[in-house]
Every structure is written in structure tokens, then in C-alpha cells.
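Student: Quick one, fold the following:
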Amino acid sequence: MKRRSTPSKEAILNVLSDSKKAMSQDAILKKVSLDMDRATVYRVLNRFCEDGILHRIVAEDGKQYFAVCIKCEKKKLLDHHFHFRCIKCETIECLPVAVQFSLEKGYAVESVNCVLTGVCRDCA
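Tutor: Modelled structure (predicted):
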């Protein structure tokens, strides 16, 4: 089902598209050019995740970050990829590295959340 475009959705998607890194709801709210409340931002972010436009990264502290899904031929990210959280600039970026793992027989993996934490190359 295709959803209608609204100024709020366009503003949020523009902020995330311009960013090279995943952003938290608070960071997105600070950067949007429109006046909107936290509930609107939260609702839009969840819809974008449902529609496959964004993906959600949950850091080890429980904070959620959102990034535009890159699914083009040149820079295709795998569904299960690593993320890097910088403790200095407080951002998360997607890394184009597949997560490799093995499990005992009988387990069925539905999702993977791999976050590496440290200082990014911009802050190092």
C-alpha cells in the first residue's frame, strides 16, 4: 500500500537522506526544518521502517537510531550488516560488512543486531 506524502514525511526523509549516518529521534527533531512534535517524528519513523525505507538500529544503551536503507547495485548493504556507534559524536553508521555467524541446529534467526562501539574515523 502506497502512503501519501506529507511535508513532515518529506522533511524527515530529507534529513536522513542528507546524513551519512544513522540518527536518533532527538537528532532528527533538531535538524528538521518544520515545526513538529516528538510523536509525529516517532510515527513517521515507524511507518518508514514498516515500508522498508528506513531501518532501525538499537544500540546497547537501548537508544534507537534510524538510517535510510541503501539497496542500489553500487552500494548494496546486506540485511544483516554491522553498525558502528561513535561515543564522541554519538552517531551510528552502517558498515558494508556482512555479519557471519553459525548456530546449532534447530535455531531460526529472524533478525541480527550487531553494533560495534568506539571512536569513528571522523573523531579519531
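Student: Might one say that A59 is in contact with V115?
Tutor: Yes. Look at A59 against V115 with C-beta atoms under 8 Å: they come within range, at 5.5 Å. C-beta here means a position set from N, CA and C on the backbone, and glycine is covered the same way.
Student: Next, show the common contact partners of those two.
Tutor: 85, 92 (C-beta atoms under 8 Å, 6 or more residues apart in numbering).
Student: Buried residues of the strand or helix carrying A39, list them for me.
Tutor: A39 is part of helix 38-50, with elements assigned from DSSP states H and E. Buried residues in helix 38-50, counted by 16 or more other C-beta atoms under 10 Å: 40-41, 44-45, 48.
Student: closest to K63 among these?
Tutor: Lowest distance from K63 to the buried residues of helix 38-50 (C-beta to C-beta) belongs to L45, with 13.0 Å.
Student: and that closest one, how far is that from C120?
Tutor: 23 Å (C-beta to C-beta, to the nearest Å).
Student: again, but for S102
Tutor: From S102 to C120 the distance is 29 Å (C-beta to C-beta).
Student: Which neighbouring elements make contact with the worst-scoring helix or strand of the chain on mean pLDDT?
Tutor: Across the helices and strands of the chain, mean pLDDT, DSSP states H and E gives its lowest value to strand 92-98, namely a mean of 82. If you count contacts as 3 or more C-beta pairs under 8 Å, 6 or more residues apart in numbering; DSSP states H and E, strand 92-98 packs onto strand 64-68, strand 81-86.
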